Every structure is written in C-alpha cells, then in structure tokens.
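Chemist: Please work out how this folds:
(chains A and B)
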Number of protein chains: 2
Amino acid sequence: MMAELFAAVEIISAKRDRQELSDPQIDWVIDAYVRGVVADEQMSALLMAILLNGMNSREISRWTDAMINSGERMNWSALDKPTVDKHSTGGVGDKITLPLAPLVAACGAAVPQLSGRGLGHTGGTLDKIESIPGWRASLTNSEMLKVLQDCGAVICAAGSGLAPADKKLYALRDVTGTVPAIPLIASSIMSKKIAEGTSALILDVKTGNGAFMSEPERAKELASAMVELGKRAGVTTRALVTAMDVPLGLTAGNALEVRESVEVLAGGGPADVVELTLLLAREMLDAAGVNGKDPEAALKDGSAMDHWRRMVKSQGGDPDAPLPIAREKKVITAQSDGLISSMNALQVGISAWRLGAGRERQGEKVQAGAGIEIHAKPGALVKKGDPIFTLHTDEAARFERAEAALDGAVVIGTSVAESLPLVITKIV
Amino acid sequence: MMAELFAAVEIISAKRDRQELSDPQIDWVIDAYVRGVVADEQMSALLMAILLNGMNSREISRWTDAMINSGERMNWSALDKPTVDKHSTGGVGDKITLPLAPLVAACGAAVPQLSGRGLGHTGGTLDKIESIPGWRASLTNSEMLKVLQDCGAVICAAGSGLAPADKKLYALRDVTGTVPAIPLIASSIMSKKIAEGTSALILDVKTGNGAFMSEPERAKELASAMVELGKRAGVTTRALVTAMDVPLGLTAGNALEVRESVEVLAGGGPADVVELTLLLAREMLDAAGVNGKDPEAALKDGSAMDHWRRMVKSQGGDPDAPLPIAREKKVITAQSDGLISSMNALQVGISAWRLGAGRERQGEKVQAGAGIEIHAKPGALVKKGDPIFTLHTDEAARFERAEAALDGAVVIGTSVAESLPLVITKIV
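Modeler: Numbering: from 1, shown residues only, chains lettered A, B, ... in the order given. Alright, predicted model coming up:
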C-alpha cells in the first residue's frame, strides 16, 4: 500500500478553520475520494465546510480540474466545424435545448450536448427526448462522433467516464444538504462541460422562484464563477442570467415539451420559447465564431427541422411516431373573471413533478405523457370557468396532490404583476 | 416500517442556514442516527454545520438529553451517601483522579468515577490504573454498586449502555474534523456524566498548550456551557479552569503516574499534584454537602490510602504488586547551565505518547511502563549535563521520535517565564 500524501482530517480541519486548500491538497482529496480512501462521512464534512466557509477562485478552479482529471476528456478535433454547447441550470418548462441544438447545427456549428436527467421540480433534457419512441440516450464515444458528423448535433447522456468524481460527489451532496454552494455547483457543471470537450459554451443561468438560484444576485455570482472556470480552461464561455419566475412556454412535462419544441422547429411555438431559443442560438454562433447565418431563417426554411429529424433518427428515434399521451386528464379553470396577474413557476413545476413528469429519487422512471398544459399566461383576460391548466398523468390518484401544489399559483386581478425581464444580465 | 418524523436533509439544511433546531428535530436526529436511519455522511455534515454555525443553550441542552435518552441512566439511590464525581478535560501528567477518588471517599462522599481511555497526547485514567496487575476496568452495574458501597469510590469503564449515541458520535467526530466544537464537546462529556447518575460534579477544564482548549477564553466558554448543562439536569455542577502549560507532577505515563499517585496517598508527592488534589477534593466535598472533613488530614492519617487499597483490591488488583517497568531507559540532560525557564506540556505529552504510553488509534494497546520522568521543572537551577528527563519504553526504536518531540521543550535561561496560575477561574 502506498503511503497517502495527506490525511483527510487535516484537509477538513484546514477548511473548517477558513484556510485556503493548496493545489496538492485538492488534487489528493478528490482522487482519494474516488479511490475510497476518503470516506463519504469525511467528504460530506468537507463539503459542508466549503459551503459555509467558501473557496477562492484558485481553489474552485483546481477543484474543477481535479474532477475533470478523475476521468476522460473528450476531443472533437476530428470534426471540421467549431463546437459549441449550451447549459441551463434548469427551469420549469425549459425545453430550449431541444430546438436549439439542431437549430445551431443548421447554422453551421457542431453541438455536442451531453445532458442529464431531472431530479426535483425541473425536468431533464434526456427524460424529455426519451419520450420519442425508440430514441436512445446512451451512445459510445464513436457513436457520438458519428451523430455529430452526420447531423451537426447530438443530445445524449454523459458517459460514466466523464468526471466520475462529480457523479460520486453529486450523489453525496444530494443527501447531505450540501447542494446550494456556488463553488460546488459551478465546479460540478463546469467539470462536465469542460471534460465534454466543447470549444465554446453558453450558460443559461436561471433565476426567479422556479429556479434553483431564486435570487438574481446569487445567480449572477454563480454565472461569474462558471464563466471564469470556462475561460481558465480555454473554453470561450459566456453566461446569460434569465428569468424563471413564470414557466417557459405553454407546457411542462416530457412528451408535452417535445411537442412544443417541434412546433418551434416548424416555425411556430410560444413567443417566449422562440425568443429565448433565437437569443441563445445567436450567442452560441457568435461564441463559436460562425458568422452570417440567421437562425430565424433556419426556423422558417425548415433546415433546423431537417437537422432535428436526422438527429432523432440517428439515435434510433422515429420523428414521425405519435408521442405518448397520458391516460388521464383534468382541467383546472379560472375561479373568477379578470386579468392573469402572475403564475408561479415553482408551483407549476412541483405540480408537473407530482403528476409523474419528474422523479423523487435517482433511478426512478418518469411518465412520458405526464405534465401540464398551460392555456393562459400572465397578461391574458379570463372569465370564471375558462381553462387555465390541463393536468396529464397515467394515474388519476396523482391529481389530488398535483392540484394542491397549484393552490394560489395563479393570481387573477386587474393588472399584470411586475416580473423579471427575459434576460437580466449577460456575463462575458 | 414506521414513517419517519423528519428527513435528515431538512435538519442539516436548517442548521446550515443558521436556523435553530426544534426539540423534536434534535430528538429525532439523535435517535435516527443510533437506529442507522440517519447515515454517517449525513450526521457528519450536520456536525460540521453545528461546529461552524453553533447551537444555543436550549439546543445544546436538548442534544445532551437526547444522547442521555439513547441509553440507560444509572441510579445510586441505594447508597447512604451523597455522590460526587470529577471530570477533567485531560492534560499531560494529569493523574489527579487516582488519588482524588479514594481521598474524597475517605472524607465521606461516594465517588462513581466512570472513566475513559487515552487518545492522542493526554493519557486516560483507565490506561493508567490498568498498569496495576490484576485490576479490571469493566464492571457490571451491580459490581459497581458493590465497590462503591464497600470502598466509597469506584473507577471503571462506562458500560456500553451509557449514552450509546455519544459513543457513535464521538467515533464519527474523530475522523471528520468535528471534534473542537464547544456544543459537541460539552454535550459529549455531560451526557455521560449525567447518565452516570452522580448528584454533584466538579469539572476540571484544562487550558494552556498541553490542553485541548489551549485558549483560556475558549476553556471558560466550555466550562460555562457544561455547568449550565449540569444545572439544567439537576446535578450540582461547578467548574475550575486550571493550568496545563507545564506537565502536572513529575511523571507522564501509565505505571509512572500510578506510582506518583500512591506517593500522594502516602502523604508525599509533588507539590502541584498535592495542591490540585486537595483543591478538587474540597470542591467535591462542598458540592456534595459533606462538611467538617479535612482532606489534608486524610492524606496524612492513611485513611485515603486505605480507601485506595480497598478499591484496587475489590476490582481484582494487587496494591502490593510491583508496577511494570519499561525495558529501556534513556536520560535527557541539560544542554547548558542556568534556570529552567519553561517546559512545554504538549511536547512532553507527545513524547510520552510516542514512547508507547498512548495510542494512535482506538483499540490499540498501550505500554504500561512507557512514559517520562521529569527530574527538574521550571524554577530549578541546573548545570549542563544534569538529567532533565528519563524516557521509558519497551522498544528502543521509539527513542528517536520521542526525543525529537522534546526538541525545544525545555528553555534554560536566567528567569522563570510567566506561566498560568494553577486556578484561572471558577464557574459556579
């Protein structure tokens, strides 16, 4: 047995006592945790000390590098196009990745989008796209490269070889109350995105009641930390802090969101989804150095839709197959006449989750058809009895708790409540 | 399976966010930890949050009660004498319990002294007294009562039924950097002492370089927290904050300290050991409400020694058997002429530990004969070559690291350095 460079207690105690961790300490503790030499109960104590006492930018950067170095780093130099990816911190009805990846591909950049599954009230891209019959999320590295070459975009699961330290840490943070720490969130996201090998990255950091970072100031802090990590790693990185106080679009739920995404790719879809998709597409193309392409035209002329269909097919899916529909429906109506003043994104997200669109524990199955259709959003005039939501689920027993989650989510009054602008700030 | 009242993450998150924990939350988390429903990695995150964000006095008191309630609470109502105990937070050469318990018994109070073993540089009472051939530390509850009735004092190991939550938490704190938190130290000590069933308790809280609480202010804070816990539980509790910047007496090590303790019981012994023993004896007798007995007389007239011999015999030991002697010795001498200005207690403690008097891990054996004899203390005039220390060990290979630990421990100059007074403060 090789002697260990450090003792875990030493490193925990240093951070507990507000000391900076050295590069060798950080490298060792991540590596030793993956090897099982640092125990879960030691790492969770360290994570809590990091959450409460912080890390400076050098420490965060080294922590991220150590997580990247725990696994493989992908390489797309075989492609003849620049690579660019987008990451969203997650919101209710946030299906933007689905139309965005083929749209940017249609404009000439390559989009290697390694995504995750949903946990809690925000959905996961893989859960959504998996509602397409036949579609496979798990690809080998050479399959990924082939889809990227053929279609310009690939949306798939991050392989187990990518930042395995992050996977182990993420599962631990989930059960130990150590999720909401900016150094840990930033390093978790960026280790995967840097290991994924993209040359440019646009971050969509959500804020508002439906986002994990409900405070705009905290969202900006997270965005800045991530942009710095990306730059240090040589990835052209920019962040938009965007609104998540109202659900995005008119659907929340897996197949429901795919349908809405296909509408956007067909040149239609809800205005807010189209606006954010175009905004992010322009940022991605600019960051990738691809000029002179108009994403709006690519939505209108069908080229984005072509890329979508090719991508779905090349991952085993049938873009023409009917999407799953939930067995049970229930309409929720307006309780008075008036103007919809506000709609709480968090409550809509929790309701969709309770209908079966999300999971309570890692590894659970989600319902493809479950979720919420939104018939009227803030600014709409409604009469008592008009439909506001349609709830979808395969199990009628879920309606009661899902409806309870919506209690007070919609306020009907005489004016529209102040809400966040779509883009709150941009960090470059 | 019964539904659980709380989720661990909820409680961890509350303390992480500087909220007070409610009584039911504290009761549940301790109980659920003992049952294995709260995992080690969850408890260690909570402990780090407590260490960094603190607990108020209600929370500390409830935490202590929950640990007491995890096991049995002993009861000495069958005795016809008041019970009183002493607890020291540990120091180098701190053998005071050995002469003190029989001395107080000789003066008419009953002393149910449930002790621990050493870990780190301070020795453990059980390790010391176990160097007496035949002596047994583990007694059943009825054996304890019998020894107490027959001898007025018993020194033995706390049974596994006493505050089992504390045992599990202590082992976890040791490996997760969560030892030095006043709420956790105070509740750990006091849960055992309250469960032990003593009616009165004197706390000897050590401070100075050789103590766990090297800062006098922190030692006072710990002393106050413990006195409050004792009072809330109906135990007459007082604390002395005492000096541990110089080793106590002239020995550090198991059999060496027993020999010095027997000298004190015989009416001799080093002045500082005698002074602290008498001081603590008077406090204990006063707290127990036993008046009119002079402990100094009990040392002179042999009655304390009689109680010691009875106690040792009734636990299987032979008070007349020769004590173990280490196989190897090495004398360390003065490097110049002059006055001994200071002697670092921590360094002496570490050196004795390295000689084999202490253990590195729980469960290791200690050497009965190992340790250090001190030939000259601060204030003594020495000539170059005069002996200062004799190191004792069964393994000559240990001398090198033990001697290295003493490097710079003794300063020889022209005046005595300022040191802490024996009693720094008293908290009632």
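Chemist: what residues are up against the nearest residue to residue A:124 once chain neighbours are set aside?
Modeler: Of all residues not flanking residue A:124 in the chain, residue A:118 sits nearest, at 3.3 Å (Cβ to Cβ, 6 or more residues apart in numbering or on different chains). The way it works is simple: take the backbone N, C-alpha and C, and place the C-beta from them, glycine included. Taking Cβ atoms under 8 Å, 6 or more residues apart in numbering or on different chains as the contact definition, residue A:118 lies against A:90, A:124, A:127, A:357-359, A:366.
Chemist: try it again with 6 Å
Modeler: A:124, A:127, A:358 (Cβ atoms under 6 Å, 6 or more residues apart in numbering or on different chains).
Chemist: which ones are touching the first one?
Modeler: Residue A:124 makes contact with A:116-118, according to Cβ under 6 Å, 6+ apart.
Chemist: how about the strands in chain A?
Modeler: Under the criterion DSSP state E, chain A contains strands at A:84-88, A:111-115, A:153-157, A:200-207, A:236-243, A:251-253, A:328-333, A:338-343, A:371-374, A:381-382, A:387-393, A:410-413, A:423-427.
Chemist: Pull out the buried residues from the last one.
Modeler: Yep, that's strand A:423-427 we're talking about. Neighbour counts over strand A:423-427 (16 or more other Cβ atoms under 10 Å in any protein chain shown) mark A:424-425, A:427 as buried.
Chemist: before we move on, the earlier item: now for the strands of chain A, which one comes closest to chain B?
Modeler: Of all those, it is strand A:200-207 that lies closest to chain B, at 18.9 Å by Cβ to the nearest Cβ.
Chemist: C-alpha coordinates for that closest one, PDB please?
Modeler: In PDB, the C-alpha atoms belonging to strand A:200-207 read as follows (Å, rounded to 0.1, in the frame of the first residue of the first chain):
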ATOM      1  CA  ALA A 200     -17.300  27.400 -26.700                       C
ATOM      2  CA  LEU A 201     -20.100  27.400 -24.100                       C
ATOM      3  CA  ILE A 202     -23.200  29.500 -23.400                       C
ATOM      4  CA  LEU A 203     -24.600  29.200 -19.900                       C
ATOM      5  CA  ASP A 204     -28.200  30.000 -19.300                       C
ATOM      6  CA  VAL A 205     -28.400  30.700 -15.500                       C
ATOM      7  CA  LYS A 206     -32.000  30.700 -14.400                       C
ATOM      8  CA  THR A 207     -33.300  32.900 -11.600                       C
END
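Chemist: avg pLDDT for that strand?
Modeler: Mean per-residue pLDDT for strand A:200-207: 98.
Chemist: Quick one: list the elements packing against it.
Modeler: strand A:84-88, helix A:216-232, strand A:236-243, helix A:271-288 (3 or more Cβ pairs under 6 Å, 6 or more residues apart in numbering or on different chains; DSSP states H and E).
Chemist: just these: most buried one?
Modeler: Mean neighbour count (mean count of other Cβ atoms under 10 Å in any protein chain shown) peaks for strand A:84-88 among the helices and strands packed on strand A:200-207, with a mean of 26.
Chemist: on contacts alone, who are the packing partners of that strand?
Modeler: Identification of packing neighbours for strand A:84-88 by 3+ Cβ pairs under 6 Å, 6+ apart yields strand A:200-207, helix A:271-288.
Chemist: Need the strands of chain A in CSV (columns: distance to residue B:270).
Modeler: Putting the strands of chain A into CSV (distance: least, Cβ to Cβ, whole Å) gives the following:
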stretch, distance to residue B:270
strand A:84-88, 69
strand A:111-115, 71
strand A:153-157, 71
strand A:200-207, 67
strand A:236-243, 68
strand A:251-253, 78
strand A:328-333, 83
strand A:338-343, 78
strand A:371-374, 80
strand A:381-382, 90
strand A:387-393, 80
strand A:410-413, 79
strand A:423-427, 68
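Chemist: do you know which of those lies nearest residue B:212?
Modeler: Nearest to residue B:212, of all the strands of chain A, is strand A:200-207, at 44.7 Å by Cβ to Cβ.
Chemist: who's in contact with that closest one?
Modeler: Strand A:200-207 has contacts (Cβ under 6 Å, 6+ apart) with A:84-89, A:91, A:193, A:213, A:216, A:219, A:222-223, A:226, A:230, A:235-242, A:244, A:280, A:283-284, A:287-288.
Chemist: and if you look at stretch A:94-104?
Modeler: Stretch A:94-104 has contacts (Cβ under 6 Å, 6+ apart) with A:88, A:111, A:113, A:125, A:153, A:155, A:248, A:257, A:261, A:264-265, A:276-277, A:280-281, A:284, A:295, A:298, A:304, A:307-308, A:311.
Chemist: residues from chain A in reach of chain B?
Modeler: A:9, A:12-13, A:16, A:40-42, A:44-45, A:48-49, A:52, A:176-177 (Cβ under 6 Å from any Cβ of the partner chain).
Chemist: So which of those wins on neighbours?
Modeler: Within those, neighbour counts (other Cβ atoms under 10 Å in any protein chain shown) peak at residue A:45, which reaches 35 neighbours.
Chemist: so who does that residue touch?
Modeler: Contacts for residue A:45 (Cβ under 6 Å, 6+ apart) come out as A:12, B:44, B:48, B:176-177.
Chemist: So what pairs up with the closest residue to residue A:385 other than its chain neighbours in the strands?
Modeler: Spatial nearest neighbour of residue A:385, chain neighbours left out: residue A:333 (5.0 Å); criterion: Cβ to Cβ, 6+ apart. Under DSSP bridges, the beta-bridge partners of residue A:333 are residue A:387.
Chemist: Now do the same for residue A:333: its pLDDT.
Modeler: In this model, residue A:333 is scored at 97, pLDDT.
Chemist: burial of it, as a residue count?
Modeler: Residues within reach of residue A:333, counting by other Cβ under 10 Å, total 13.
Chemist: so it sits right up against residue A:383, yeah?
Modeler: No - Residue A:333 lies out of contact with residue A:383 (Cβ atoms under 6 Å); the separation is 9.4 Å.
Chemist: Burial check on the nearest residue to residue A:312 once chain neighbours are set aside, number of neighbours?
Modeler: Spatial nearest neighbour of residue A:312, excluding adjacent residues (Cβ to Cβ, 6+ apart): residue A:319 at 4.5 Å. Neighbour count of residue A:319, defined by other Cβ under 10 Å: 18.
Chemist: what about residue A:74, neighbour count?
Modeler: By the criterion of other Cβ under 10 Å, residue A:74 has 20 neighbours.
Chemist: what does the domain assignment say about chain A?
Modeler: Using automatic domain parsing, the domain parsing of chain A gives A:8-54, A:84-314, A:328-413.
Chemist: what sits against the residue nearest to residue A:40 when sequence neighbours are not counted?
Modeler: In space, and not counting its chain neighbours, residue A:40 is closest to residue B:41: 4.0 Å by Cβ to Cβ, 6+ apart. Residues near residue B:41 by Cβ under 6 Å, 6+ apart: A:40-41, A:44, A:176.
Chemist: Please repeat the previous calculation with a cut-off of 10 Å.
Modeler: Residue B:41 is in contact with A:39-45, A:47, A:172, A:175-176, A:178, B:8, B:172, B:176, counting by Cβ atoms under 10 Å, 6 or more residues apart in numbering or on different chains.
Chemist: of the residues you listed, the lowest pLDDT goes to which?
Modeler: Lowest pLDDT of the contacts of residue B:41: residue A:175, 91.
Chemist: Wait, it touches residue B:44, no?
Modeler: No - with contact defined as Cβ atoms under 10 Å, residue A:175 and residue B:44 do not form a contacting pair (11.8 Å).
Chemist: Overlap in contacts, these two.
Modeler: With Cβ under 10 Å, 6+ apart as the test, residue A:175 and residue B:44 both reach A:40, A:44, B:12.
Chemist: The last one and residue A:38, how far apart?
Modeler: Read that as residue B:12. Applying Cβ to Cβ, to the nearest Å, the value for residue B:12 to residue A:38 is 19 Å.
Chemist: ok and the residue in the stretch 1-150 of chain A nearest chain B?
Modeler: For the stretch 1-150 of chain A, Cβ to the nearest Cβ, closest residue to chain B: residue A:12, 3.4 Å.
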